[in-house]
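[1] Below are the sequence and a predicted model; questions follow.
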Amino acid sequence: MKGCFMKISTDNKISPSFYTVRDIQKIFGIGRNSAYKLVSEKDFPSIYIGNRIVIPADKFQNWIDKKSTSRKGAS
């Protein structure tokens with residue numbers, strides 16, 4: 001993904017450290033407005049650096065896991 005900051009793990013796999021709002025758009029297949037609305041939600045793990053919004057990859061994965069677990073419990 002073009003906008004994400006990359007890190008190399010100990011097993012030499014490259015993975016993003018942070019995602020951008022544009023990355024979130026692509027991951028979920030949503031529009032720009034929907035992506036900004038999502039990252040502004042209270043429980044979404046976004047960080048403002050100046051006027052740029054970044055999403056820590058590890059916190060994003062935790063958020064996804066939490067959401068998918070809560071959906072399973074609702075069924």
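    Arrived safely, thanks for sending.

[2] going forward, measure contacts and count neighbours with C-alpha atoms only.
    Fine.

[3] contacting residues around stretch 40-56?
    17-21, 38-39, 59-60, 63 (Cα atoms under 8 Å, 6 or more residues apart in numbering).

[4] Now do the SS call for Pro16.
    Counting by DSSP: H, G, I helix; E, B strand; the rest coil, the backbone at Pro16 sits in strand.

[5] Return the members of the contacts of stretch 40-56 classed as buried.
    Neighbour counting with 16 or more other Cα atoms under 10 Å marks 17-21, 38-39, 60 as buried within the contacts of stretch 40-56.

[6] taking these one by one, which sit in strands?
    Cross-referencing these against strands under DSSP state E gives 17-20.

[7] Those into JSON lines, with extra columns for pLDDT?
    Formatted as JSON lines, these follow (pLDDT from 0 to 100):
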{"residue": "Ser17", "pLDDT": "91"}
{"residue": "Phe18", "pLDDT": "93"}
{"residue": "Tyr19", "pLDDT": "95"}
{"residue": "Thr20", "pLDDT": "95"}
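
[8] Of those residues, which is the nearest to Lys67?
    Distance to Lys67, by Cα to Cα, is smallest for Tyr19 among these, at 18.1 Å.

[9] Which parts of this structure are strands?
    In the chain, the segments counted as strands under DSSP E are 5-8, 14-20, 47-49, 52-56.

[10] For the ones you listed, could you give me TSV that also reports distance to Ser70?
    Below are the strands of the chain laid out as TSV (distance: least, Cα to Cα, whole Å):
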stretch	distance to Ser70
strand 5-8	29
strand 14-20	23
strand 47-49	24
strand 52-56	21
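
[11] Least confident of those, on average?
    Here these differ in mean pLDDT, and the lowest is strand 5-8 at a mean of 53.

[12] Could you check the pLDDT of the closest residue to Leu38 other than its chain neighbours?
    Closest residue to Leu38 apart from its sequence neighbours, by Cα to Cα, 6 or more residues apart in numbering: Phe44 at 7.1 Å. pLDDT recorded at Phe44 is 97.

[13] thinking again about what came up before, ok, which pair from the contacts of stretch 40-56 is furthest apart?
    Pairwise distances across the contacts of stretch 40-56 peak at 19.2 Å for Ser17 and Leu38 (criterion: Cα to Cα).
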